[in-house]
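Chemist: Make a model of this:
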Amino acid sequence: ATAQFWGATKSAPLHWDRAQTEGWHKLPSLCAGLPHFSAGFMRNWGRDTFISLRGCLLVTGHFQEARDTLLVYANVVRHGLCPNLL
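Modeler: A predicted model of the protein is given here:
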């Protein structure tokens, strides 16, 4: 079993470029597969993010965070496809 959490992690900020100037702790994301993917680079998994977005963000009333997450992924859509890994 794995868990999905909304939180700040140094290796997986939601906005990588902004994290370089603002600091990673200010840009949380939905990090998937904990504890299995708790180390390393790039843990924003598209499939897991969208599966858990409703329960972690929408149901709990975190609408701005859900919007930010959707916009980041929408920004990288190519040929109608959303990447599975950011």
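Chemist: Contacts only, for H25.
Modeler: Contacts were defined as Cβ atoms under 8 Å, 6 or more residues apart in numbering; by that measure H25 touches A8. Glycine gets a C-beta too; all of them are placed from N, C-alpha and C.
Chemist: Quick check: which ranges of the protein have low pLDDT?
Modeler: Across the chain, the ranges flagged by pLDDT under 70 are 1-3, 32-43.
Chemist: Give the partner strands of the helix or strand encompassing W6 in its sheet and their orientations.
Modeler: In this assignment (DSSP states H and E), W6 forms part of strand 3-7. Applying DSSP bridges, strand 3-7 is found paired with strand 29-34 (antiparallel).
Chemist: buried set for the strand holding W6?
Modeler: Neighbour counts over strand 3-7 (16 or more other Cβ atoms under 10 Å) mark 4, 6 as buried.
Chemist: Also stretch 74-82?
Modeler: Neighbour counts over stretch 74-82 (16+ other Cβ under 10 Å) mark no residue as buried.
Chemist: tell me how far the ends of that stretch are from each other?
Modeler: Using Cα to Cα, to the nearest Å, the end-to-end distance of stretch 74-82 comes to 7 Å.
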